[in-house]
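K.L.:
Sequence isn't available, so here's the structure alone:
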Ligand code: UDP
């Protein structure tokens with residue numbers, strides 16, 4: 001098959017590119033290299049089956065041309081990372097709203113099936129034990145920029161769903177929970193590469209807030225398996241599935257585990273949210289996915305634990 005991956009030079013996109021190429025497919029990557037990096041595609045570029053286009057999903061002419069050439073679209077391009085969203089709210093909203101509109105329009109024009117990447121951010125402050133796809137969203141004020149990513153992704157989902165309902169365009173939606181692994185950058189806020197990098201250098205590990213907030217971390221290799229299983233199943237058309245690992249850990253315990261595993265001399269220090277982010281920032285206390293739906297529809301479930309994630313991230317950082 002020929003596939004288009006928007007955002008294919010990013011952390012998740014480049015792992016997907018590698019996998020699809022090693023499965024024998026041809027891949028076109030469209031990426032503006034804002035948060036994506038060309039080095040992420042260096043292995044894929046030697047295959048002879050990768051076409052890289054530096055460009056934006058906001059460029060409808062390019063998007064239409066590429067969509068016309070492929071059998072399937074993975075729309076992963078988005079402005080990501082809490083720091084990025086807070087620093088550049090307008091550009092982020094434009095990419096995440098208008099960009100998705102342009103890609104969906106093109107998919108409809110050429111009748112191409114599309115998988116849209118959404119996010120667990122859509123659940124907002126819902127701290128349920130096990131967030132189910134149909135659960136309520138709990139958000140703060142629209143003027144609190146923290147929620148702008150959640151809002152944009154929610155509209156994207158509704159748009160993709162409406163394309164299926166009204167136009168019968170085969171759309172699939174996935175909600176990524178925290179995904180970690182080699183190539184992820186700490187620069188945009190992501191906690192695991194930040195903590196591991198600090199631990200390897202024996203530098204202070206900075207926890208925001210009191211560290212009692214929890215997260216569940218999925219290994220990017222598991223997440224890629226999940227993405228492909230969703231794309232390959234007819235049963236996932238017109239629906240949304242959570243993708244993530246449901247092993248929960250507090251940020252305090254995460255820091256301790258990373259220090260222990262890397263045999264680091266790092267000290268843990270604490271920083272208030274107000275100092276870490278812009279004032280008025282609200283963190284998510286907890287975010288645990290319910291992964292029954294994807295399991296039922298595709299048979300997928302995660303196989304790699306947090307130790308494997310930390311080891312792989314540490315090995316990648318040391319090698320680079
Ligand atoms: N975090 C932290 N120190 C850091 C980076 C992040 O304590 O250097 C915290 C952050 O406040 C959040 C958690 O780690 O509670 C996960 O942050 P990340 O940005 O990785 O993901 P998200 O908040 O989107 O789940």
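P.N.:
Looks like it arrived, so ask away. Because the structure is predicted, anything quoted here is derived from the model rather than measured.
K.L.:
from memory residue 2 sits against residue 69, does it?
P.N.:
Yes - Residue 2 is in contact with residue 69 according to C-beta atoms under 8 Å; the separation is 6.4 Å. Heads up, the C-betas are built off the backbone N, CA and C, glycines and all.
K.L.:
can you list residues touching both of those two?
P.N.:
Shared contacts of residue 2 and residue 69 (C-beta atoms under 8 Å, 6 or more residues apart in numbering): residue 28.
K.L.:
count of neighbours near residue 69?
P.N.:
13 (other C-beta atoms under 10 Å).
K.L.:
I figured residue 243 was touching residue 225, is that so?
P.N.:
No - Residue 243 is beyond contact range of residue 225, at 9.5 Å (criterion: C-beta under 8 Å).
K.L.:
Pick out whichever of these two has more residues nearby.
P.N.:
More neighbours surround residue 243 than the other of residue 243 and residue 225, with 27 against 19 (other C-beta under 10 Å).
K.L.:
What residues does the spatially closest residue to residue 78 that is not a sequence neighbour make contact with?
P.N.:
Closest residue to residue 78 apart from its sequence neighbours, by C-beta to C-beta, 6 or more residues apart in numbering: residue 96 at 5.3 Å. Neighbour list for residue 96: 78, 79, 149, 152, 153, 156 [criterion: C-beta under 8 Å, 6+ apart].
K.L.:
So residue 96 lies in a strand, does it not?
P.N.:
No - when the secondary structure is assigned by DSSP: H, G, I helix; E, B strand; the rest coil, residue 96 falls in helix instead of a strand.
K.L.:
State the distance from it to the ligand.
P.N.:
To the ligand, residue 96 is 15 Å away according to C-beta to the nearest ligand atom, to the nearest Å.
K.L.:
same deal with residue 312?
P.N.:
Taking C-beta to the nearest ligand atom, one finds residue 312 at 16 Å from the ligand.
K.L.:
ok, that residue touching residue 219?
P.N.:
Yes - Residue 312 is within contact range of residue 219, at 7.1 Å (criterion: C-beta under 8 Å).
K.L.:
of these two, who's got more company?
P.N.:
Neighbour totals were compared for residue 312 and residue 219, and residue 219 leads with 23 against 18 (other C-beta under 10 Å).
K.L.:
Check what pLDDT the residue nearest to the more buried one when sequence neighbours are not counted gets.
P.N.:
Nearest non-adjacent residue to residue 219, counting by C-beta to C-beta, 6+ apart: residue 304, 3.8 Å away. Note for residue 304: predicted pLDDT of 98.
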